[in-house]
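[1] Need coordinates for the below:
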Amino acid sequence: MLRYAVVAVAFLLAGGVWIGLAAAPLPAVPPACEDRDTLFQVSTIDALLQGTYDGSMAFDELARHGDFGIGCGDRLDGELIGIDGEWYLIRVDGRPYLASGSATTPFAAATFFDPEITVAVDEPMNLTALQSRVEAKFPSENLFYAIRVDGTFPHVVTRSVPAQEKPYPRLIDVTANQTVFTLENVTGTAIGFWTPALAEGVNVPPGYHLHFITGDRAAGGHVLDMTLAEGTVQVDTTANFTMALPSGGDFLTVDLSADLSDDLEQVE
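    Predicted coordinates for the structure are as follows:
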């Protein structure tokens, strides 16, 4: 497993004031000291876009930082979803598999989900309309938000990709050959994050990154499109952000100075 360094950035909720930046080995986090108002992230989206796919953090460690989250498996082997403290990898066959605690992830985001905002949906809404309705409830566009959508879905389109072999291709080339699944008339949950523009190059800003899993845990994947017939959206405002950067492997030499917004738009 790769070692990693931690970059922590904290924002005061009453003004978004930057108050700290540090790089150090990740300390142990006793359960009694869990910071439930922090989005914890492994690596950066720009590193992933350029083929940095080797896992750097075990799922057991990731789970100490949240009971809710998304990401991917080592070598891109599966779309990761963490829901109610259980972590699944949805592989290229479209089926969720419980993630082994010793397996690793090259990119993930996690938090402890404590929603403060609830939006009831009692009429069919496509993904664009649903996202706009939820964004209207945000108190600021400069914070991170964890999003959970539970309900009945007439139509969900998801994707997954197979595990990759070195030399790793760029993510835009991997997703050009993605496996797409169409789910009809299912109940389930879409979860993920809305990331502010200030996190450009770090996650998917500004906007949503969602993964889906059915209620019977039989299918899911990265959300490409969906329609919600009825259900509930819950939002957890997250003012603090911590990142664990790999301290070895391809991450040390990848060029993170380029503008990869076009690649990201095609991948998402």
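[2] residue ranges with poor pLDDT in the stretch 51-200 of the chain?
    Within the stretch 51-200 of the chain, not a single segment meets pLDDT under 70.
[3] Where do the strands of it begin and end?
    57-58, 68-72, 79-83, 86-90, 96-98, 104-105, 107-111, 117-121, 125-126, 144-160, 179-195 (DSSP state E, counting those that start in this stretch).
[4] so the third one versus strand 179-195, what angle?
    Note on geometry: by axes from the mean of the first three to the mean of the last three C-alpha atoms, to 10 degrees, strand 79-83 and strand 179-195 are set 50 degrees apart in direction.
[5] List the neighbouring strands of strand 79-83 plus their orientation.
    Partners of strand 79-83 in the sheet, by DSSP bridges, are strand 68-72 (antiparallel), strand 86-90 (antiparallel).
[6] Could you say which of those is packed most deeply?
    strand 68-72 (a mean of 26; mean count of other C-beta atoms under 10 Å). In this view, the C-beta of every residue, glycine as well, is placed from N, C-alpha and C.
[7] these two touch, right, P205 and A197?
    Yes: using C-beta atoms under 8 Å, P205 is in contact with A197, at 4.9 Å.
[8] which of these two has more neighbours?
    P205 (18 against 10; other C-beta atoms under 10 Å).
[9] Quick check: the gap between I172 and S102.
    Computed with C-beta to C-beta, to the nearest Å, the distance linking I172 and S102 is 30 Å.
[10] still on that earlier bit, with distance to N185 added, can I get the strands paired with strand 79-83 in JSON lines?
    Output for the strands paired with strand 79-83, formatted as JSON lines (distance: least, C-beta to C-beta, whole Å):
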{"stretch": "strand 68-72", "distance to N185": "24"}
{"stretch": "strand 86-90", "distance to N185": "19"}
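[11] Any idea which of those gets closest to Y97?
    strand 86-90 (5.2 Å; C-beta to C-beta).
[12] how big is the angle separating the closest one from strand 144-160?
    Going by the same axes, to 10 degrees, strand 86-90 makes 40 degrees with strand 144-160.
[13] quick check: angle from strand 86-90 to strand 107-111?
    150 degrees.
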